[in-house]
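[1] Quick one, what's the 3D model for this:
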Amino acid sequence: MPLSTQQMKQAMQDYIRAWATNDRQLLLSLFAPDASWEDPVGTPEFFGHEGIGKFWDFAHQEPSLTLTPRIEEIRAGGNEGILRFTMQVRIPERNEGLDLSIIDRMVFDELGRIKVAKAFWDETTVSVPHGWKPYAPDISNAYES
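    Numbers count the residues shown, from 1 in each chain. Next up is the predicted model:
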């Protein structure tokens, strides 16, 4: 039975909820065991729950960092979806932050799990919120073994 548009939209909403609630297990449960995730496109892919968990751990390496995703648009059709959102990254104790505009393309398997995820963003989609100092994580650290 093909996936419904609503099933895919729900999975993408759950993806956002995982980031918003700092729920690593929820995020991993949304991905197929053999999934791939390229974030951003053009960088090395993360494979399976182990690799995706590694990316999650990198994103959460700063203890006082908060990640607040703001959904702008969700579209789904066939077995694919597009999620457009802004990730608001803040480290309040240092008054550092950034807003990262992201478009994720996701391909789902027959069970409704994310099989392929590709995040489209680059330096032109990053801004510093008014009154904050720029936060500039070294994303290359996410790809080190």
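
[2] residue ranges for the strands of this structure, please.
    Assigned by DSSP state E, the strands in the chain fall at 31-38, 46-47, 66-77, 80-91, 96-108, 114-120, 126-127, 133-134.

[3] Where does pLDDT dip in this structure?
    For the chain, applying pLDDT under 70 flags the ranges 1, 144-145.

[4] I'd like to know which elements the lengthiest helix in it is packed against.
    Assignment by DSSP state H gives helix 5-20 as the longest helix of the chain. Helix 5-20 sits against helix 24-29, strand 66-77, strand 80-91, strand 96-108, with contacts defined as 3 or more CB pairs under 8 Å, 6 or more residues apart in numbering; DSSP states H and E. Where C-beta positions appear, they are placed from N, C-alpha and C, glycine not excepted.

[5] how about a markdown table for those, with mean neighbour count and distance to Asp57 added?
    Compiled in a markdown table, the helices and strands packed on helix 5-20 are given as follows (neighbours: other CB atoms under 10 Å; distance: least, CB to CB, whole Å):
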| stretch | mean neighbour count | distance to Asp57 |
| --- | --- | --- |
| helix 24-29 | 14 | 8 |
| strand 66-77 | 14 | 13 |
| strand 80-91 | 19 | 16 |
| strand 96-108 | 19 | 18 |
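
[6] how about CSV for the ones you listed, with distance to Gln13 added?
    What follows is these, written out as CSV (distance: least, CB to CB, whole Å):
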stretch, distance to Gln13
helix 24-29, 11
strand 66-77, 7
strand 80-91, 9
strand 96-108, 12
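
[7] To His49, which of those lies closest?
    His49 lies closest to helix 24-29 among those, at 5.0 Å (CB to CB).

[8] hmm, who's touching that closest one?
    14-15, 17-19, 49, 52-53, 56, 60 (CB atoms under 8 Å, 6 or more residues apart in numbering).
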